[in-house]
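Enquirer: from the sequence below, what's the structure:
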Amino acid sequence: MQRVMIIGQPGSGKSTLARKLGERTGLPVVHIDTIHWQPGWVERSRDEKTRLCHEVEARERWIFEGGHSTTWQNRLARADTVIWIDRSAPLRFWRVFFRTMLSRGRSRPDLPDDCPELLANLPEFFRFMWRTKNSSREAMKRFVATAPSVCRVVCLRSNRDTEVFLASLGALPDQVARGH
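Expert: Numbering: from 1, shown residues only. You can find the predicted model right below:
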């Protein structure tokens with residue numbers, strides 16, 4: 001596992017899984033929100049996002065989580081593993097609300113500096129999540145079906161699925177080094 005693509009809808013757990021997977025594998029982690037946003041919640045242009053995604057995809061090793069579906073086919077062609085986190089809408093809405101409350105006024109680790117979580121942004125983001133909940137899920141389902149046969153496809157639908165997947169990767173690198 002050298003190039004891992006993680007997709008899923010907002011609140012599905014992409015960033016959390018990417019961090020845990022990065023800790024276990026030592027692979028560098030890239031969060032799409034650091035490409036999508038600049039400090040101060042300034043959105044990059046579509047062309048700039050595409051260019052930055054292609055730069056990451058060209059690297060030899062990565063865990064790349066998140067959207068900018070314009071580059072998904074290129075990312076999939078380079079990935080040896082694609083992980084689709086497919087979680088229920090109620091759970092995802094709860095997680096987005098909870099993470100906003102936990103990080104309120106501060107930037108999350110998967111965002112650029114000066115992008116604080118704000119309660120005022122939630123209604124608009126929830127409307128986006130609601131509008132796209134079915135169409136986005138169907139698009140991801142169709143997308144993973146196009147994965148090349150040499151690419152491992154993993155679908156995680158529960159916390160248990162995620163725990164089993166992470167456990168299947170074996171010991172953490174630092175535990176191996178210490179002989180545990």
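Enquirer: is it fair to say Trp84 lies in a helix?
Expert: No: counting by DSSP: H, G, I helix; E, B strand; the rest coil, Trp84 is not found in a helix; it is strand.
Enquirer: does it touch Arg157 like I think?
Expert: No: using C-beta atoms under 8 Å, Trp84 makes no contact with Arg157, being 9.1 Å away. Heads up, the C-betas are built off the backbone N, CA and C, glycines and all.
Enquirer: and these two? Which one has more around it.
Expert: Between Trp84 and Arg157, Trp84 has the larger neighbour count (other C-beta atoms under 10 Å), namely 22 against 13.
Enquirer: please tell me how far that one sits from Met5.
Expert: According to C-beta to C-beta, to the nearest Å, Trp84 and Met5 sit 9 Å apart.
Enquirer: and the residue lying closest to Ala139 once chain neighbours are set aside, what's its pLDDT?
Expert: Closest residue to Ala139 apart from its sequence neighbours, by C-beta to C-beta, 6 or more residues apart in numbering: Ser69 at 7.4 Å. At Ser69, the model reports a pLDDT of 85.
Enquirer: centroid residue for this structure?
Expert: For the chain, Glu65 is the residue whose C-alpha lies nearest the centre (C-alpha atoms, centre = their mean; 2.9 Å).
Enquirer: touching, it and Val30? I think so.
Expert: Yes: here Glu65 reaches Val30: they are 7.3 Å apart, a contact under C-beta under 8 Å.
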